[in-house]
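Peer 1: When you get a sec, could you give me coordinates for this:
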Amino acid sequence: MRVLVVEDQTELADSVARVLRREGMAVDVAYDGAAALERTGVVDYDVVVLDRDLPEVHGDDVCRALVGRAAPTRVLMLTASSTIAERVEGLGLGADDYLPKPFAYAELVARIRAVGRRTTPAAPPILVHGDLRLDPAQRIATRAGARLSLSPKEFAVLEYLLTGQGRVISAEELLDRVWDEAADPFTTTVKATINRLRAKLGDPPVIETLNRSGYRVS
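Peer 2: Numbering: from 1, shown residues only. Predicted structure coming up:
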């Protein structure tokens, strides 16, 4: 899942980004509304976590702009106010969900996953391919009953490939959906991650490489 965190409190923004990355999400950060509009103009995010009280461009205006583009991006709005009137107003702007501060990170992660599911066709709660099982909610992967020790990126790559249900997925698409804007598009990051993932999955092979096309589960 590709997520943009828009929050002018830099410590909070960076803390949220770290938590979401540990959950296997690709996360970019913007510290004001103008930067948020710039990033969302070039990247198709699944979810934008949007603080309402932003400098440069107010969060309400950012939300209106995102909704006006008719893009599949979902908006989870944050605010220091917890009144019902504030929540109703935020949802009226087109936000998909509303979370008052302070919040528990576990709830934030759960809400992001919930609104993110609306951007793509629903996937089963447990992804199964032969003797391979992946539980995205619990972050558990097993093969033939044995638990696999996967890094967040390895887990995210495997989840994305399994969700593709045999579709050929290019390295560029994986880089865009699993990594964030800090990733160098000219590196061998995707190939190296796939190689480590193959080694951990063992035999028989699960991930197939198609020359000049990409990867798929087979």
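
Peer 1: Check which element follows the lowest-mean-pLDDT helix or strand in the chain along the chain.
Peer 2: Of all helical and strand segments in the chain, the minimum by mean pLDDT, DSSP states H and E falls on helix 84-92, at a mean of 70. Remark: after helix 84-92, the chain's next helix or strand is strand 97-100, criterion DSSP states H and E.

Peer 1: Report the buried residues of that next one.
Peer 2: 97-99 (16 or more other CB atoms under 10 Å). The C-beta positions use only the backbone N, C-alpha and C, and glycine is treated the same way.

Peer 1: Output that strand as CSV, nothing but the C-alphas.
Peer 2: Taking Å, rounded to 0.1, in the frame of the first residue of the first chain, the C-alpha atoms of strand 97-100 are listed here in CSV:
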residue,chain,number,x,y,z
ASP,A,97,-12.6,8.4,7.6
TYR,A,98,-11.9,10.8,10.5
LEU,A,99,-9.6,10.2,13.5
PRO,A,100,-9.1,12.6,16.3
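
Peer 1: What's the mean pLDDT across that strand?
Peer 2: Mean pLDDT, computed over strand 97-100, is 89.

Peer 1: need the next SSE after it, C-terminal direction.
Peer 2: Following strand 97-100 in sequence, per DSSP H and E, is helix 105-116.

Peer 1: At which residues are the strands of this structure located?
Peer 2: Under the criterion DSSP state E, the chain carries strands at the ranges 2-6, 26-30, 47-51, 74-79, 97-100, 127-129, 132-135, 140-143, 146-147, 207-210, 214-217.

Peer 1: what angle sits between the fourth one and strand 2-6?
Peer 2: Calculated by axes from the mean of the first three to the mean of the last three CA atoms, to 10 degrees, strand 74-79 forms an angle of 30 degrees with strand 2-6.

Peer 1: helices and strands around strand 74-79, which ones?
Peer 2: Where contact means 3 or more CB pairs under 8 Å, 6 or more residues apart in numbering; DSSP states H and E, strand 74-79 is packed against strand 47-51, helix 59-68, helix 84-92, strand 97-100, helix 105-116.

Peer 1: what sits up against stretch 50-67?
Peer 2: The contact list for stretch 50-67 (CB atoms under 8 Å, 6 or more residues apart in numbering) reads 6-9, 32-37, 40, 48, 73, 75-81, 90, 93-95.

Peer 1: go again using 7 Å as the cut-off
Peer 2: 6-8, 32-34, 36-37, 40, 48, 73, 75-79, 90, 93-95 (CB atoms under 7 Å, 6 or more residues apart in numbering).

Peer 1: tell me the mean pLDDT over that stretch?
Peer 2: pLDDT averaged over stretch 50-67 gives 91.

Peer 1: okay, and for the chain, where does confidence drop off?
Peer 2: 81-83, 86-87, 90, 119-124, 182, 185-186 (pLDDT under 70).
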